[in-house]
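1. One predicted model, sequence on top.
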Amino acid sequence: MAETEGIFAETAGGVTVACTKKLIETGKLPRDERIVLCITGHGLKTAEAVADHIGAPTCIKPSLREFDAMLEGMEAAV
């Protein structure tokens, strides 16, 4: 979800999405209606679950200037 939707949920959030997908596939939830999922846990609770798939965190000083510079560096790398 973090890569495709911009939502960094804890691993239980993935279970919610997977179960909903299965319920849609089996016809227990309508395929043609909007469905809202409530995912309340953030990924920082279970960061160790994805540690092997992401790089080391970028540490910056608490300033907007440092944040902007970091973003510019990330955009340049893409």
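-> Received it, and whenever you're ready, just let me know what you need. Numbers count the residues shown, from 1 in each chain.

2. Isn't residue 45 up against residue 10?
-> Yes: in this structure, residue 45 is within contact of residue 10 by CB atoms under 8 Å, at 4.6 Å. All C-beta atoms are positioned from the backbone trio N, CA, C, and that covers glycine.

3. neighbour-wise, which of the two wins?
-> It is residue 10, of residue 45 and residue 10, that has more neighbours when counted by other CB atoms under 10 Å, with 17 against 12.

4. so who does the residue lying closest to that one once chain neighbours are set aside touch?
-> The spatially closest residue to residue 10, leaving aside those adjacent along the chain, is residue 41, at 3.6 Å (CB to CB, 6 or more residues apart in numbering). Contacts of residue 41 were listed using CB atoms under 8 Å, 6 or more residues apart in numbering, and they are 9, 10, 12, 13.

5. For the first one, which non-adjacent residue is spatially closest?
-> What it means is residue 9. Nearest-residue entry for residue 9: residue 39, 4.7 Å, with adjacent residues in sequence omitted and distances by CB to CB, 6+ apart.

6. residues contacting that neighbour?
-> 1, 7, 9, 12, 13, 16, 17.

7. what's the lowest-pLDDT member of the residues you listed?
-> The pLDDT minimum for the contacts of residue 39 sits at residue 1, where the score is 78.

8. I'd say that one and residue 12 touch.
-> No: if you go by CB under 8 Å, residue 1 and residue 12 don't touch, sitting 11.7 Å apart.

9. Now do the SS call for residue 3.
-> Secondary structure, DSSP: H, G, I helix; E, B strand; the rest coil: residue 3 is helix.

10. For residue 29, see how far away it is.
-> Residue 3 sits at a distance of 24 Å from residue 29 (criterion: CB to CB, to the nearest Å).

11. Compare neighbour counts for the two and give me the winner.
-> residue 29 (14 against 8).

12. Just the pLDDT for residue 74.
-> According to the predicted model, the pLDDT of residue 74 comes to 84.
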